[in-house]
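Asks: generate a structure from the sequence data that follows.
(2 chains)
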Amino acid sequence: MKKMFLILSLAVGLYACSGNAAKQETPTNGSTPATAESGNPSYDPERGAGKFKDVAVSPTLDTKMADAGLKVYEVKCASCHKLTDEKLVGPGWKDVTKRHKADWILNFVTNTDEMLEKDSKAQAMLELCLVRMPNQNLSDEEARNAYEYMRKNDGVK
Amino acid sequence: MKPFNQTFLLLTVAAASWLQACKPNNAATAVSGDAAAKTYVAPGKYDEFYNFVSGGFSGQLSVYGLPSGRLLRVIPVFSVDPEKGYGYSENSKGMLNTTHGFVPWDDLHHTELSQTNGEVDGRWVFANANNTPRVARVDLKTFRTAEIIELPNSAGNHSSPFITENTEYVVAGTRFSVPIGDNQDVAISSYKQNFKGSLSFISVDKTSGAMDIAFQLQTPGVNFDLSHAGKGPSHGWFFFSCYNSEQANTLLEVNASQRDKDFILAVNWKKAEEYLKAGKGIKKASKYSRSRYDEKTHQATSEILNEVTVLDPVVLKDICYLIPCPKSPHGCDVDPSGEYIVGSGKLAALIPVFSYAKMQKAIADKAFDGEFEGIPVIKYEAALYGEVQKPGLGPLHTEFDGKGNAYTSFFVSSEIVKWNIKDLKVLDRVPTYYSIGHLCVPGGDSKKPNAKYVIAYNKITKDRYLPTGPELAQSAQLFDISGDKMQLILDFPTIGEPHYAQAIAADLVSKNSVKLFKIDDNANQYVTKGEKEAKVVREGNKVHVYATSIRSHFAPDNIEGVKVGDEVYFHVTNLEQDWDIPHGFAVKGANNAELLIMPGETQTLKWVPEKAGVYPFYCTDFCSALHQEMSGYIRVSSPGNNVPISFSLGKTNDAEPAK
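Replies: Model (predicted):
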């Protein structure tokens, strides 16, 4: 078993080395590729890769943050994401805060490129959408506000 | 080799010792085994230097990486550039505005990096337009032309854009003297009576870089050629070479080559500043343009200014002095210590080196040899430090290594010669392929050269590359000068015809490079911050389309209600906020090129459709897997067809079929 693990790690390591190829727009063909996280026990797929960890989220909505988040949405997100469950360029935002944890969303919107290389959920979405989510250079504050607006969109009061 | 035959015949005897240098060896004998390793920059690795190379008659400025010789960028400066929309977009057109109207193509000769305390600082690079006299400032944060100022009372701005050691001034000296003043309609043969030269001192704001003509010196009618500022002890002085002290107005090839010596004009600009402060300048009505590009509004503004202050050095005696210099001097270069001024007579077979300290003493002792047109002429020997004997034929330009050595280019004998400044002895010579003009050592005209390489910019290419018909890319050549002997390690082709070039350690520039424009800071009049704001507005016969672009669609992408006779303005804002994700914009039939829009930027294309119909528009810069889908339609109707303005994105309702 130990040996198997070694071989697996090696294979994963090799895959990670060729990871630059993932920067291209061409979709990976065939079945879902093996991802780095599966061989890396330290990777938390619920949190994703990035600086956000254990983000505090109040059960009630911070309307001020949500309003600021709406402005971020309109300039940097609305071109590709509808507020319904309809896919435009990217998936619709409805229920996004129920599908992913706050950490994961905040890491994905601020650390898009690394997440697309590492995270199987992000990669699965890329296979559906075929357009890499642009890194829109959101500040931490902008990202957090946008997340609050997502919560508002998902019915948090 | 044909061009050299005549020279050979004339000079065979005298130049026997140079013959070896005149006859370039073949590449196999000139390049040694480790050249490839010295110039190899592995894939994904960066070059060590940026090389800012004039594009000559292309009017542009090219940027190469050294030591690889890879072309990194062509920066449009004095000519339109369809690749970047420069000179075509409504935003950038104003940059090429002059008192002669829109000038789409000029001739860029020299580049000069800004300096602080005599060292290159990587903030700006200046360039001169030789034909319609102007000076440009390129911002090295964006690698874009930030400002262009025109020079009145000037023709042929060749002696430019050299700078003082803290970039206090950029200078511009006239190659062609011309009639100046109210009546310019005079006989050409009245050169001696009516023609004047002028030297412009352009001030540069320390923080913003904004340029202003601080003052002009009106000079006798001669041809100013090149110049360099003093530094260290000679800071406060500027040195200009000039030829045609014969004041010929025809067949200059012969008539301006009569005298044994022409001049280097030494200008005490600190003294000129004092006179200016004391109100000794005369304000003269002269029209000139100034254009600036604002990276917040993403818009050029162009203005016409009406007045310059002129100082007359014949009246204000102690500003200008002439130093005789043999045989139509071209290069005028000051060594890193600021003590030695090297003149290069195009037709000379020696290089005179002048001493700043001796020149000062000569002025104090009034060791003059009379006057030329009212300007005192210092005795040649009184200012001379010494001559480099038999260095080669036709010296043009000199750069320095900061280790006491000078490198001079020789056009006629086609070589670079390394010599020691103190003892004036030749140390080494290498052939160039062929007929070198300018040369460049990184920081080679500053107080602190970074002397790893010297680059030759050759005038003749001939057999160096695969033939490409009658016209060939001009060849540059890189030499390693880290050892005692110069070693040829690379040929690389260049755009246009490179004249002067400068190079700088890459990290001084790369660390400041802008990656994108923040959409929040976009202050363009027609910005669209988000698709919600996208719209189409009619104002009389003008239709303004406020559009956005993001991978992979425009908003709006269906537009109707435009009529034949309308002027349509596409104001496209790129909503991307990621590095290296520009979008393009092209619409069928546009007769002024396309747009290229950087992330966070707004650019405007004017389009005047002439026929009714439906016209596609699309993104021209491959942006994503669905780039081919990034397109839209605009409908143009006959004036009589009453179609209201409408616009949409993602609306799929069926319309009525055409009747």
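Asks: all contacts plus neighbour counts: C-alpha atoms, from now on.
Replies: OK.
Asks: any idea which residue of chain A lies closest to chain B?
Replies: The nearest approach of chain A to chain B comes at A:Val75, 3.9 Å away (Cα to the nearest Cα).
Asks: that residue: what's it in contact with?
Replies: Counting by Cα atoms under 8 Å, 6 or more residues apart in numbering or on different chains, A:Val75 makes contact with B:529-531, B:575.
Asks: may I ask which two of these are separated the most?
Replies: Using Cα to Cα, these span at most 9.0 Å, a distance reached by B:Glu531 and B:Leu575.
Asks: correct me if wrong: B:Ser446 contacts B:Asp121.
Replies: No. Using Cα atoms under 8 Å as the test, B:Ser446 is too far from B:Asp121 to be in contact (10.6 Å).
Asks: can you tell me how far the residue of the stretch 151-300 of chain B found nearest chain A is from B:Val430?
Replies: Residue nearest to chain A within the stretch 151-300 of chain B (Cα to the nearest Cα): B:Lys296, separated by 17.3 Å. Per Cα to Cα, to the nearest Å, B:Lys296 is found 49 Å from B:Val430.
Asks: more crowded one of those two?
Replies: More crowded of B:Lys296 and B:Val430, by other Cα atoms under 10 Å in any protein chain shown: B:Val430, with 20 against 16.
Asks: which ones are touching the more buried one?
Replies: Listed by Cα under 8 Å, 6+ apart, the contact set of B:Val430 reads B:21, B:415-417, B:486-487.
Asks: can I get these in JSON lines with distance to chain A and neighbour count?
Replies: Output for these, formatted as JSON lines (distance: Cα to the nearest Cα, whole Å; neighbours: other Cα atoms under 10 Å in any protein chain shown):
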{"residue": "B:Ala21", "distance to chain A": "50", "neighbour count": "19"}
{"residue": "B:Glu415", "distance to chain A": "46", "neighbour count": "30"}
{"residue": "B:Ile416", "distance to chain A": "45", "neighbour count": "30"}
{"residue": "B:Val417", "distance to chain A": "48", "neighbour count": "22"}
{"residue": "B:Met486", "distance to chain A": "41", "neighbour count": "19"}
{"residue": "B:Gln487", "distance to chain A": "38", "neighbour count": "20"}
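Asks: and which of these is nearest A:Pro134?
Replies: Closest approach between the contacts of B:Val430 and A:Pro134, by Cα to Cα: B:Gln487, at 47.1 Å.
Asks: what about the residue sitting nearest the centre point of chain A, which SS state?
Replies: Residue closest to the mean C-alpha point of chain A, counted by Cα atoms, centre = their mean, is A:Phe108 at 3.3 Å. What DSSP: H, G, I helix; E, B strand; the rest coil gives for A:Phe108 is helix.
Asks: local confidence estimate at the residue nearest to it when sequence neighbours are not counted?
Replies: Among residues not flanking A:Phe108 along the chain, A:Met115 sits closest, at 6.1 Å (Cα to Cα, 6 or more residues apart in numbering or on different chains). Residue-level confidence at A:Met115 comes out at 95, pLDDT.
Asks: what sits in contact with each of B:Glu531 and B:Leu575?
Replies: A:75, B:548.
Asks: so those two - more neighbours on which side?
Replies: Under the neighbour definition other Cα under 10 Å, B:Glu531 and B:Leu575 were set side by side, and B:Leu575 has more, 32 against 25.
Asks: and the more buried one, how far from chain A?
Replies: Look at B:Leu575 and chain A: by Cα to the nearest Cα, to the nearest Å, they are 7 Å apart.
Asks: tell me the SS of the residue in the stretch 551-659 of chain B that chain A sits nearest to?
Replies: Residue of the stretch 551-659 of chain B nearest chain A, by Cα to the nearest Cα: B:Gln577 (4.4 Å). B:Gln577 falls in the coil class when you classify it by three-state DSSP.
Asks: what residues does it make contact with?
Replies: Shown in contact with B:Gln577 (Cα under 8 Å, 6+ apart): A:134-137, B:516-519, B:599-600.
Asks: switch the cut-off to 6 Å
Replies: When contacts are counted by Cα atoms under 6 Å, 6 or more residues apart in numbering or on different chains, B:Gln577 touches A:136-137, B:599.
Asks: no further questions, thank you.
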